[in-house]
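1. Could you work out the structure for the sequence below:
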Amino acid sequence: MTTFTLKDLAARVKERAAASPETSYTRKLLDRGVGHCAKKLGEEAVETALAAVSDDRDHLIAEAADLLYHLLVVLQARGVRLAEVEAALAARTVQSGLDEKASRKGG
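-> Below is the predicted model:
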């Protein structure tokens, strides 16, 4: 297994965001605006969901990787750090998932 983490990917996205659009797909996405980045994220989410119901494990892994990348691009576009998302997840661990979901508006 690799030691590559989501933190590594987030750092790479941040690094590539500062690069030239001629050399960075990440920069090209960001230059098109958060709406475009969000649309790409949605497309990847659908592709991941479809891959999940197929019998192709490798396809699901590839689509999940695309989804995580595009999520980090959207977070970069909005100035949200992965650590902030991790903190929100950590805060949710103090109660069961069912209780946490019920506590949200409309839960």
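2. which one's the longest helix in this protein?
-> Assignment by DSSP state H gives helix 57-77 as the longest helix of the chain.
3. mind listing what's buried in it?
-> Neighbour counts over helix 57-77 (16 or more other Cβ atoms under 10 Å) mark 60, 63, 66-67, 69-77 as buried. Glycine gets a C-beta too; all of them are placed from N, C-alpha and C.
4. And these, which is closest to G35?
-> A77 (9.3 Å; Cβ to Cβ).
5. wait, what's in contact with the closest one?
-> Residues near A77 by Cβ atoms under 8 Å, 6 or more residues apart in numbering: 29-30, 33-34, 37.
6. give me the low-pLDDT residue ranges for the chain?
-> For the chain, the stretches with pLDDT under 70 are 106-107.
7. tell me the helices in it, going along the chain?
-> 6-17, 25-31, 34-52, 57-77, 82-92, 97-103.
8. just to revisit the earlier point, could I get the buried residues of helix 57-77 as a markdown table with distance to V46?
-> Formatted as a markdown table, those follow (distance: Cβ to Cβ, whole Å):
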| residue | distance to V46 |
| --- | --- |
| L60 | 13 |
| E63 | 9 |
| D66 | 11 |
| L67 | 10 |
| Y69 | 15 |
| H70 | 12 |
| L71 | 14 |
| L72 | 18 |
| V73 | 17 |
| V74 | 15 |
| L75 | 19 |
| Q76 | 21 |
| A77 | 20 |
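9. farthest pair in those residues?
-> Pairwise over the buried residues of helix 57-77, using Cβ to Cβ, the maximum falls at L60 and A77, 25.7 Å.
10. and the contacts of A77, which are buried?
-> 29-30, 37.
11. Compile the contacts of A77 into a markdown table and extend it with columns for distance to D8.
-> Formatted as a markdown table, the contacts of A77 follow (distance: Cβ to Cβ, whole Å):
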| residue | distance to D8 |
| --- | --- |
| L29 | 19 |
| L30 | 19 |
| G33 | 26 |
| V34 | 23 |
| C37 | 20 |
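12. what's the neighbour count on A91?
-> 10 (other Cβ atoms under 10 Å).
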